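Visitor: starting from these lines, generate the structure:
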Amino acid sequence: MAVSYLKIGRASELSGKDRVVYRLLEILPGFLSWGTILGVIFLSWLAPVWVAVFIIAFDVYWLVKTAYLSLHLRANWKRMKKHLKTDWGKRLENLKWGHVRQMIMLPFYKEDYAVIKETLEGLIKTDWPKEKMIVVLAREERAGEESRESADRIYNEYKDKFGNFLVTVHPKDIDGELAGKGSNIAWAAEKARVEILNKNNIPYEDVLVSAFDVDTRVYPQYFECLTWHFLTAENPFRSSFQPVPVFNNNIWEAPALSRVVATSATFWQMIQQERPERLATFSSHSVSFKSLYEVGYWQKNMVSEDSRIFWNSFLHFGGDYQVVPLSYPVSMDANLADNFWKTGVNVYKQQRRWTWGVENVPYLLFGFLKNKKISWKKKMRFSFVQLEGFWSLATNPLLIFMLGWLPLVLGGQEFNTLLLSYNLPRITRTLMTIAMLGLVGSAIISWKLLPSKPVNYKPKKKVFMFLQWILIPVTILFFGAIPGLDSQTRLMLGRYMGFWVTPKCRSDRA
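Guide: Numbering: from 1, shown residues only. Predicted structure coming up:
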C-alpha cells in the first residue's frame, strides 16, 4: 500500500523514484558534515594558508554568533522571570476560558511508581481546576507486569482526583510501528477521544493536549499561561505551544557533566524561544486536540516524534503552522545513573537520540518537493535553517577545538616558516578565550534557575554549580558534536535508530 508523504518514517517505506530521492536526502546531512571535516583535513595539507585564514575567519564568526545568541538567552531569561511572576489566572479573567479542558498525556515504560506519583502530585498542586483536567496514563504492554502494577496502583489512588483519568495499554508488535513514545501516545490519544471526549460530548476544539514525558512537573500556573496564549493566539488551531524545559527535578543529585549538558539544552530552547521562526516542538509541548486529530496524531514509525508532530502539521496545513513560545518552564529529570560512568553513557545516548532529529531533514525536504501549497521562499528558508542547524551541531565544535591546529601539523615546513603559522594558535586562543568569557553570564543564569538547595547539601555545592561551566568545551564536543555526527552517519548509511528510553533514577546521595 502506498505511503502518504506526510507519514514517511524512512526511505525503505517508499519504492521507485521516491525511494531513491528520499534516500539521497537521508545521505545529505552526513555528507555535508563529513565533507566539511574531511575537506578541512585535506586542505590543511594541500592549502594550509587558505585553511588558516578560514579558521581565523570562522573563529571570528563563532565569537560574533556566541555574542548574538547570548543576547537572545538573556532576553528570554528576563521574559521567563516576568512570566513566572505574572498572575495568569487574573489575566484570564478578561477572557472566556471556562470551556477549556486540559488533557495531560503521560506515556511511560518501566519508570518507577514514585516518578509517576511525583508528576501527578505536581498536577494536583497546580491552580487549574482539577475537574477540567483529563489525565491519560499511557502504558506499554511490552513493559511487563511491573508496569501494569504501577499503572493500577496509580489509577486507584488518583482516579477520583481529576475530571477524567484513563489508563491505556499500547499493544506490542503492531505492524508498521516503531516501539517508542510516538506510537504509544498516538494510541492513547485515540483511546481518549473515543472513551472520554466522544462519550462526554466534549468538543475537540475545547481540549488542549499536553504531551509530557512522565517525569514532567509543571509549575503552578502553567495551564493558565498555556490557556491565555491559546486564547490570544492569532491562529490557535494552527499553532503548537512550547514551554521551556528545565531539568531541575534532580539537578542537585546529578553530576556536573550531566548538569552542564542538561542546562545547555535548556539554554538552547530559551534562545530558540526568542527566534520563533526557527522554533519547533521539543520534548514536552501542547497543542489543540482539534489540530492533533486533523493531522492524525503523532507519527508512529520514527523516533523524534516530539519535533515531527510540528513538521507533520506544517506540511499538512500547507506551511500555515507555527510554534508559539510560552517562555514558561516545565521541569524534568537530568540524566542520572548508578555511577558516573553509567551517567556519562546515558547522557551520550540521550544526546544521540535528540540529535537523531536529523531524520526530520529528509522528511521536510521530501515534503517540500511534494507539497505545492508552500511558497518557495518559505521552503528555502526552512531548508537552510534545518540543514545549517544540524551541520553546525556536528562540525563547529570540531572545527574550533580540534581541527584548528591542523595547518600547523599538516602544512609542512614551508607553511610553518610563515608569520601566519606563528599567529594562528595565538589568534585562535585569544578569540576562544573572549568567547568563553561569555560563559560567566550563562553560569549566572544557570545559578538563578536552580531550585532551593536541599538541606543535606553543603553550601560549597552551589559554588561547584557555578564553576561547572569550565566543562563546556568537553560537553559540546563529546556530548554535542560527536553524537550529532554519530546520528548523521547512521542516517547516511541507512543504519536507522530505534527509540531509547532515558532511565529515570532517583538518588539520595549528598
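Visitor: distance of residue 399 relative to residue 437?
Guide: Distance of residue 399 to residue 437, given as CB to CB, to the nearest Å: 20 Å. C-betas here are computed from N, CA, C, even on glycine.
Visitor: okay, the two: which has more neighbours?
Guide: Applying other CB atoms under 10 Å to residue 399 and residue 437 shows that residue 399 carries more neighbours, namely 20 against 10.
Visitor: the more buried one: what's it in contact with?
Guide: 36, 40, 55, 58 (CB atoms under 8 Å, 6 or more residues apart in numbering).
Visitor: give the bridge partners for residue 101, please.
Guide: residue 207 (DSSP bridges).
Visitor: next up, the contacts around it.
Guide: So residue 101 contacts 132-134, 163, 202, 206-208 (CB under 8 Å, 6+ apart).
Visitor: the same query, at a cut-off of 10 Å, please.
Guide: Contacts here follow CB atoms under 10 Å, 6 or more residues apart in numbering; on that basis residue 101 touches 128-129, 131-134, 163-164, 196-197, 200, 202-203, 206-209, 223, 227, 289.
Visitor: closest one of the contacts of residue 399 to residue 382?
Guide: Closest to residue 382 out of the contacts of residue 399 is residue 36 (21.3 Å), distances taken as CB to CB.
Visitor: next structured bit after the host helix or strand of the closest one?
Guide: For residue 36, the element it lies in under DSSP states H and E is helix 16-46. Of the helices and strands lying after helix 16-46 in sequence (DSSP H and E), the nearest is helix 48-85.
Visitor: what about that following helix, distance to the chain center?
Guide: Distance, stretch centre to chain centre, for helix 48-85: 20 Å (CA atoms, centre = their mean, to the nearest Å).
Visitor: and it, which residues are buried?
Guide: Residues 48, 51-52, 54-56, 58-59, 62-63, 66, 69-70, 72-74, 76-77, 79-80, 83 are the ones in helix 48-85 that count as buried (16 or more other CB atoms under 10 Å).
Visitor: what residues are up against the residue positioned nearest the centre of the chain?
Guide: Centroid-nearest residue in the chain: residue 282, 3.8 Å away (criterion: CA atoms, centre = their mean). Each residue near residue 282 by CB under 10 Å, 6+ apart is listed here: 242-245, 265, 268-269, 272, 304, 306-307, 310, 323, 354, 357.
Visitor: helix/strand/coil for it?
Guide: What DSSP: H, G, I helix; E, B strand; the rest coil gives for residue 282 is coil.
Visitor: break down the stretch 301-450 of the chain into its strands, ranges please.
Guide: If you assign secondary structure with DSSP state E, counting those that start in this stretch, the strands in the stretch 301-450 of the chain sit at 322-331.
Visitor: show me the shaky parts of it.
Guide: Scanning the stretch 301-450 of the chain for pLDDT under 70 picks out nothing.
Visitor: quick one: residue 255 and residue 461 touch, right?
Guide: No. Residue 255 lies out of contact with residue 461 (CB atoms under 10 Å); the separation is 11.8 Å.
Visitor: more crowded one of those two?
Guide: Counted by other CB under 10 Å, residue 255 and residue 461 do not tie: residue 255 has more neighbours, with 18 against 13.
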